[in-house]
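> need a structure here:
(chains A and B)
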Amino acid sequence: MTTTTRMLVPAVLLLAPVVQAQSPASLEDMERRLEQLEMQQYEKQNNWSDRLSLNGFMTYGVTRHDVHVRANNGEPIDYIDRTTDEISHRELSRAGIQFNATISDETSATVQVLARGRDDYDAQVQWAYLSHDLSPSVTVRAGRMVLPFFMHTQYNNVGYTYHWATLPGEAYDVVPFDTMEGVDLSWNLNTGPVSHRLNVYGGATDVPSFSLPAPVVYEVSELTGINLTSQWRDWTSWLSYSHAEVTLDLTDLAGPTGLPVAALEAPVSLDEAQTYISSVGLQYDNGAMVLMAERTQLGIEGWFPTKWGGYVSAGYRFGPWMPHVTWGAANAHGVSEAQSEGPVAANFSAANQVRSKSWTLGLRYELEVGVAVKLEAQRFYDMSNDKIMTNGLFTPQGSAPSIEEEEPTVFRLTVDAAF
Amino acid sequence: MLKKVCAVFLVLCCPALSSAGMLVIVAESSPLAQMDRHEVRQLYMDNASRFGGYTVTVLDMPEGSQQRERFYEGATGKSASQLKSYWARMIFTGQGMPPRQVKNARDMVQQVKQNPDAVGYVQESDLQEGLRVLLRLP
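Numbering: from 1, shown residues only, chains lettered A, B, ... in the order given. Sure, this is the predicted structure:
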């Protein structure tokens, strides 16, 4: 019995003689009325909590690598532009909060705000959309959404949802896409025992890049995509294909590179270059064993190299413990073809190439429902061959010596929560 | 001596009682007649609003309750933490919200009885008149 109901009991009892005076009421009647009052009160509270919901997630993490040689400028070698050989408490740490308001039975509004340690906890809106159910199985959304390029991209900041401390870098850190402004439509359907979710979307976004001599922005327009998630028993498959037109004005690099503006115009600058991003993935989870594999690819017309990344991962749950192992790889091709576009394009193409393989060994421990502690080590190798000379996802060769002999390993420890 | 034997017998029986299967229930006035395990799994994992051409409201026990853990273990084979991870993916990508949670078993019975659209679950000992069992989970 709630406090309010407790207060209502004396009120009903006080009123009882009055009610009795008007029409004799039995004890059963009184009980029924009390039950109705209790129900009305409950429904009021229920309506409020049904209309608004608040959810959140958080990660505290520490990371560092073990390569102590220096880059050509004397600075530490970095992994994905940020992690160095000193412990960072900020790189992996982040917090997010999501508000969801039901406007009607069919319509709702959602806002998700994310603050990342690596951005000095400056809050960014990752999701802000209105959602409307056209039918029980078809939903349309409009606003800002995280791009659904790959199998785990849309929840990549919610560390609790996967077994790694970070998603495999070869697949997820090669393409720095984040959010878009646009519309998507999802259709849930069943074919026999297999359930599917088909999602199509369209929008636009801007992607900053730091792989050239100065920061540049890829303007991504006419962005459209389709993806299909299919589930059968313990198996889930993922297929996605996206298409966009990319415009990249590189004439601002004339200052930092000392090159004449004419050398940086098209075909070095990209004007609505045809671009595709694709991914195919498979997951198996029978409650104890987890298997995952995915391959991602990015291709931009012109001098930009075609990049692919992928991983295969396996883990097994022993109560709250889950040891896991992952093999990842990334590669690029088309760098030599870029020479036909001139020496500047060939140089920029080389600056965007990638080659890397890695083994990740990790352990996840479920502290309690909603909180997980993860420890992992990722060892990189095979970052160069006779065509491609890179340092993988570390500071590139040209800006730093080759680090392959150093047996580069990245260590991570995170505590992830979802609530 | 007899008391001791009874006490030992009760203690030995308790784990068996606590792992007894859960019952998927609707109100007697519900148009639904039966459901198989696969359908119950789909209904709860999608928090579906339609089933077999009828409108449904899926009700869940509170997070952390033993009955909820037993229900999901029987219906989906998922532990409480796997379920949490699954719903975190759904919530934070806007693909769905989990079923509404009632306060306790008494509340579950009351709400299912009063709402012909509601689908819920209880343990055998909480079964009452006015409720219909759609499925007995292992």
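> Helices of chain B, start to end?
Taking DSSP state H as the criterion, chain B carries its helices at B:2-18, B:37-46, B:66-75, B:80-92, B:105-114.
> okay, the ones you listed, which one's buried deepest?
Highest mean neighbour count of the helices of chain B: helix B:80-92, a mean of 21 (counted as mean count of other C-beta atoms under 10 Å in any protein chain shown). Placement of C-beta: from N, CA and C, glycine included.
> For stretch A:203-221, what is the distance to the chain centroid?
Relative to its parent chain, stretch A:203-221 has a centroid offset of 18 Å by C-alpha atoms, centre = their mean, to the nearest Å.
> Averaged pLDDT, it. What do you get?
Throughout stretch A:203-221, pLDDT has a mean value of 86.
> ends of it, how far apart?
One end of stretch A:203-221 sits 7 Å from the other (C-alpha to C-alpha, to the nearest Å).
> Export the helices of chain B as JSON lines, with columns for mean pLDDT and distance to chain A.
JSON lines is the format used below for the helices of chain B (pLDDT from 0 to 100; distance: least, C-beta to the nearest C-beta, whole Å):
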{"stretch": "helix B:2-18", "mean pLDDT": "48", "distance to chain A": "18"}
{"stretch": "helix B:37-46", "mean pLDDT": "92", "distance to chain A": "7"}
{"stretch": "helix B:66-75", "mean pLDDT": "94", "distance to chain A": "9"}
{"stretch": "helix B:80-92", "mean pLDDT": "96", "distance to chain A": "4"}
{"stretch": "helix B:105-114", "mean pLDDT": "96", "distance to chain A": "7"}
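> Could you pick out the residues of the stretch 251-400 of chain A near chain B for me?
Within the stretch 251-400 of chain A, the positions lying close to chain B (C-beta under 8 Å from any C-beta of the partner chain) are A:285-287, A:320, A:366, A:369-370, A:372.
> From the residues you listed, keep the buried residues only.
A:285, A:366, A:369-370, A:372 (16 or more other C-beta atoms under 10 Å in any protein chain shown).
> Can you find the helix or strand in chain A with the smallest mean pLDDT?
helix A:3-22 (a mean of 44; mean pLDDT, DSSP states H and E).
> quick revisit: of all the helices of chain B, which lies closest to B:Pro99?
helix B:37-46 (6.3 Å; C-beta to C-beta).
> What's the separation between the residue nearest the centre of chain B and chain A?
The centre of chain B sits closest to B:Tyr121, judged by C-alpha atoms, centre = their mean, with a distance of 3.1 Å. Distance, B:Tyr121 to chain A, by C-beta to the nearest C-beta, to the nearest Å: 19 Å.
> From B:Val109, how far off is that residue?
Spatial separation of B:Tyr121 from B:Val109 under the definition C-beta to C-beta, to the nearest Å is 11 Å.
> and the residue lying closest to A:Pro260 once chain neighbours are set aside, how many residues sit next to it?
Closest residue to A:Pro260 apart from its sequence neighbours, by C-beta to C-beta, 6 or more residues apart in numbering or on different chains: A:Ala254 at 6.7 Å. A:Ala254 is flanked by 15 other residues according to other C-beta atoms under 10 Å in any protein chain shown.
> Where does A:Ala254 sit: helix, strand or coil?
Following DSSP: H, G, I helix; E, B strand; the rest coil, the label given to A:Ala254 is helix.
> wait, doesn't it sit right on A:Ala262?
No. Contact criterion C-beta atoms under 8 Å: A:Ala254 and A:Ala262 do not qualify, at 9.1 Å.
> just to revisit the earlier point, among the residues of the stretch 251-400 of chain A next to chain B, name the ones in strands.
Residues from these lying in strands, with DSSP state E as the criterion: A:285, A:366, A:372.
> just the residues you listed now: which is nearest A:Ala338?
Nearest to A:Ala338 among these is A:Asp285, at 41.5 Å by C-beta to C-beta.
> what's across from the closest one in the sheet?
A:Asp285 has these beta-bridge partners by DSSP bridges: A:Val290.
> Next up, the contacts around it.
Going by C-beta atoms under 8 Å, 6 or more residues apart in numbering or on different chains, A:Asp285 touches A:234, A:236, A:291, B:82.
> what's in contact with the helix or strand that the second one is a member of?
Which is A:Thr236. Using DSSP states H and E, A:Thr236 sits in strand A:235-248. Contacts with strand A:235-248, where a contact means C-beta under 8 Å, 6+ apart, come from A:147-151, A:216-230, A:269-285, A:294, A:300.
> residues from the stretch 101-250 of chain A in reach of chain B?
Proximity of the stretch 101-250 of chain A to chain B (C-beta under 8 Å from any C-beta) is limited to residues A:110, A:112, A:127, A:129, A:131, A:136, A:141, A:145-146, A:154-155, A:157-158, A:160-162, A:186, A:188, A:193, A:195, A:197.
> Just the buried ones out of the residues you listed, please.
The neighbour-count test (16+ other C-beta under 10 Å) marks A:110, A:112, A:127, A:129, A:131, A:141, A:145-146, A:154-155, A:157-158, A:160-162, A:186, A:188, A:195, A:197 as buried among these.
> on that earlier part again, tell me the buried residues in the strand holding A:Thr236?
Quick answer for strand A:235-248 (16+ other C-beta under 10 Å): A:236-242, A:244-246, A:248.
> and if you look at stretch A:181-193?
Of all the residues in stretch A:181-193, those buried under the rule 16+ other C-beta under 10 Å are A:182, A:184, A:186-188.
> where do the strands sit along the stretch 1-150 of chain A?
Secondary structure of the stretch 1-150 of chain A, counting by DSSP state E, counting those that start in this stretch: strands at A:52-65, A:94-102, A:107-116, A:123-135, A:138-146.
> Reformat the ones you listed as CSV; add mean pLDDT.
Below are the strands of the stretch 1-150 of chain A laid out as CSV (pLDDT from 0 to 100):
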stretch, mean pLDDT
strand A:52-65, 96
strand A:94-102, 97
strand A:107-116, 97
strand A:123-135, 96
strand A:138-146, 97
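> a markdown table please, covering the ones you listed and showing distance to B:Gly21.
Below are these laid out as a markdown table (distance: least, C-beta to C-beta, whole Å):
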| stretch | distance to B:Gly21 |
| --- | --- |
| strand A:52-65 | 31 |
| strand A:94-102 | 34 |
| strand A:107-116 | 35 |
| strand A:123-135 | 34 |
| strand A:138-146 | 35 |
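> pLDDT score assigned to the residue nearest in space to the middle of chain A?
Centroid-nearest residue in chain A: A:Asn156, 2.6 Å away (criterion: C-alpha atoms, centre = their mean). In this model, A:Asn156 is scored at 95, pLDDT.
> didn't it look like it was pressed against A:Asp173?
No. Judged on C-beta under 8 Å, A:Asn156 makes no contact with A:Asp173 at a distance of 10.0 Å.
> Mind listing the residues bridging to the residue of the stretch 301-419 of chain A found nearest chain B?
Nearest residue of the stretch 301-419 of chain A to chain B, counting by C-beta to the nearest C-beta: A:Ala418, 4.0 Å away. Beta-bridge partners of A:Ala418, counted by DSSP bridges, are A:Phe57.
> got the contact list for it?
Applying C-beta under 8 Å, 6+ apart to A:Ala418 gives the contacts A:55-57, A:158, A:160-161, A:370, B:84-85, B:88.
> Could you check how far the residue nearest to A:Pro260 is from A:Ala345?
In terms of C-beta to C-beta, A:Ala254 sits 15 Å off from A:Ala345.
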